[in-house]
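> Give me a 3D structure for the following:
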Amino acid sequence: MAVNNKVKSTNDLELKDRLVAINRVTKVTKGGRTFSFAAIVVVGNEEGIVGWGLGKAGEVTAAIAKGVEAAKKNLIKVPVYKGTIPHEQLAKFGGALVFIKPATHGTGVKAGGAMRAVLESVGITDVLAKSKGSSNPHNLVKATIAALSELRDPAMVAQNRGISVEKVFKG
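The predicted structure follows:
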């Protein structure tokens, strides 16, 4: 079930950016090799809003700046409840398969590399995460964002079913 949780405006948000990976790419021309950089960046306000972007440029700083601008254009809202997620979720993108599971207070963010950057940018403080398959940072970030975008809070479930929030937990 597709959930529409896009963020409308970025003007009033205090977003922090995290660099996930930088990749140097080479284009071979008649005159020799031309180097450029691709940077994947995650931005979030650490209060339930996150987005990712890819920037490519001849300089590292320009690539990061382009990545941040791209990330600000595709932000999503994630339900965060007491520092963790409401339920476990599995998502796949390309060869990367990610599994995220809620954890009790004090557990911390048990996730590696690219997944950790995304989860911390959202503002999740306690979660268990596992990545299976590809460790490509691009696909890991996209799979983690896909998993977070599929999360539903109890109020949303109650609204979709047309029942009260109390009945969601009883039934």
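
> Buried ones in stretch 34-47, by neighbour count?
By 16 or more other C-beta atoms under 10 Å, the buried positions in stretch 34-47 come out as 36-46. For the C-beta atoms, the positions are set from N, CA and C on the backbone; glycine is no exception.

> what about Glu14, neighbour count?
7 (other C-beta atoms under 10 Å).

> Excluding chain neighbours, what is closest to it?
In space, and not counting its chain neighbours, Glu14 is closest to Asn45: 5.7 Å by C-beta to C-beta, 6 or more residues apart in numbering.

> For that neighbour, give me its contacts.
Neighbour list for Asn45: 13-16, 123 [criterion: C-beta atoms under 8 Å, 6 or more residues apart in numbering].

> Just the buried residues out of those, in ChimeraX syntax.
The buried residues among those can be selected in ChimeraX (16+ other C-beta under 10 Å) with this line:
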select :15,123
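
> could the contacts of Asn45 be laid out in CSV, adding pLDDT, secondary structure and distance to Val168?
Formatted as CSV, the contacts of Asn45 follow (pLDDT from 0 to 100; DSSP: H, G, I helix; E, B strand; the rest coil; distance: C-beta to C-beta, whole Å):
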residue, pLDDT, secondary structure, distance to Val168
Leu13, 75, coil, 30
Glu14, 86, coil, 32
Leu15, 90, coil, 32
Lys16, 92, strand, 33
Gly123, 92, coil, 24
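
> Quick check: which element contains the residue nearest to the spatial centre of the chain?
Among the residues of the chain, the one closest to the centroid is Ile145, at 3.6 Å (C-alpha atoms, centre = their mean). Counting by DSSP states H and E, the element that carries Ile145 is helix 137-149.

> Now that helix: average pLDDT?
The pLDDT scores in helix 137-149 average 94.

> Let me see the contact set for the residue nearest to the centre of the chain.
By C-beta under 8 Å, 6+ apart, Ile145 lies in contact with 50-52, 76, 118.

> what do you get for Leu148?
Contact analysis of Leu148 by C-beta under 8 Å, 6+ apart lists 50, 76, 78, 85, 89, 100, 118, 122.

> Tell me the most packed of these, by neighbour count.
Val50 (32 neighbours).
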